[in-house]
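Asks: take a look and give me a structure for this.
(one chain, ligands or ions: 3)
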Amino acid sequence: MADKINVLIPEETVDAKIKEIGEQISKDYAGKEVHLICILKGGVFFACELAKRITVPVSLDFMQVSSYGDATESSGIVRIKKDLDDTMENKEVIIVEDIIDSGRTLHYLIPVLKQRNPKSIRLCALLNKPDRREVEVQIDYLGFDIPDEFVIGYGLDYAQKYRNLPFIGVVEPEAAEDAEEGAEQASGEEKGDNVE
Ligand SMILES: O=P(O)(O)OC[C@H]1O[C@H](OP(=O)(O)OP(=O)(O)O)[C@H](O)[C@@H]1O
Ligand code: HPA
Ligand SMILES: [Mg+2]
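Replies: Numbers count the residues shown, from 1 in each chain. Ligands and ions are numbered 1, 2, ... in the order given. Modelled structure (predicted):
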């Protein structure tokens with residue numbers, strides 16, 4: 001059965017905001033170069049659109065971390081699945097993320113990246129869910145504060161689906177619960193539990 005999806009932030013609103021953030025970054029880094037670090041997978045759509053809106057020279061690198069798997073709640077354990085290709089040494093780094101939710105991913109990652117001696121390091125996130133914050137994270141460039149709902153689209157997935165939607169949406173709760181149960185069963189199976 002197809003999931004029912006409601007639009008939370010329409011495509012035009014997202015695009016206009018990304019343009020605005022790109023202009024702000026271009027002003028703030030005038031005369032410099034920026035090194036964007038995209039956090040995969042969720043950050044990739046935002047990072048690409050943002051990079052197109054920045055007028056100072058941009059370099060890009062990618063890192064993959066994961067704490068959600070296919071669930072709608074963070075496992076609390078952040079894993080680096082793919083590290084950066086290039087050095088960050090002496091670069092003006094901006095980390096690009098799709099969402100700051102509990103804050104755990106970036107709370108873990110920022111100190112790790114600071115140790116690699118960038119000239120500066122800032123965080124840019126498309127979405128922020130302040131009601132869900134468990135640990136403090138400073139966001140330097142933000143698209144939107146959103147309510148405590150599990151969102152999809154623009155890079156954000158729901159069990160790996162819907163990242164390609166050009167807007168921010170919400171899957172209806174019933175469908176979301178089904179997927180959460182599915183993810184729990186799958187992880188039970190991995191551990192060798194007897195799941196019927
Ligand atoms: O603030 P937090 O509660 O830590 O949540 C935010 C993180 O969770 C999501 O990643 P996920 O682990 O789902 O990986 P993905 O980007 O590959 O979907 C999202 O892209 C952020 O990286
Ligand atoms: O609301 C969300 N949607 C998708 N992935 C996420 N990762 C953290 N929060 C979310
Ligand atoms: Mg995810």
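
Asks: residue contacts, V14?
Replies: In this structure, V14 makes contact with 126, 143, 154, 166-168, judged by Cβ atoms under 8 Å, 6 or more residues apart in numbering. All C-beta spots, glycine's among them, are computed from the backbone N, C-alpha and C.

Asks: output the lowest mean pLDDT helix or strand found in the chain.
Replies: Ranked by mean pLDDT, DSSP states H and E, the helix or strand of the chain with the weakest confidence is helix 173-190, at a mean of 55.

Asks: can you count the residues close to V65?
Replies: Residues within reach of V65, counting by other Cβ atoms under 10 Å, total 21.

Asks: ok, the contacts of V14 vs ligand 3, which is closest?
Replies: Proximity of the contacts of V14 to ligand 3 was ranked by Cβ to the ion; the top entry is Y154 with 12.3 Å.

Asks: so the closest one makes contact with F46?
Replies: Yes - checked against Cβ atoms under 8 Å, the pair Y154 and F46 is within contact range at 6.3 Å.

Asks: can you show me the helices along the chain?
Replies: With DSSP state H as the criterion, the chain has helices at 11-28, 44-52, 104-114, 173-190.

Asks: and the shortest one with helix 11-28, angle?
Replies: So the one you mean is helix 44-52. Taking axes from the mean of the first three to the mean of the last three Cα atoms, to 10 degrees, helix 44-52 and helix 11-28 form an angle of 50 degrees between their directions.

Asks: export helix 44-52 as PDB, just CAs?
Replies: Output for helix 44-52, consisting of C-alpha atoms alone and laid out as PDB, is shown next (Å, rounded to 0.1, in the frame of the first residue of the first chain):
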ATOM      1  CA  VAL A  44      23.600  15.300  -0.400                       C
ATOM      2  CA  PHE A  45      20.600  17.000  -2.100                       C
ATOM      3  CA  PHE A  46      20.900  20.100   0.100                       C
ATOM      4  CA  ALA A  47      24.700  20.200  -0.400                       C
ATOM      5  CA  CYS A  48      24.400  20.100  -4.200                       C
ATOM      6  CA  GLU A  49      21.700  22.800  -4.300                       C
ATOM      7  CA  LEU A  50      23.600  25.000  -1.800                       C
ATOM      8  CA  ALA A  51      26.900  24.600  -3.600                       C
ATOM      9  CA  LYS A  52      25.200  26.000  -6.800                       C
END
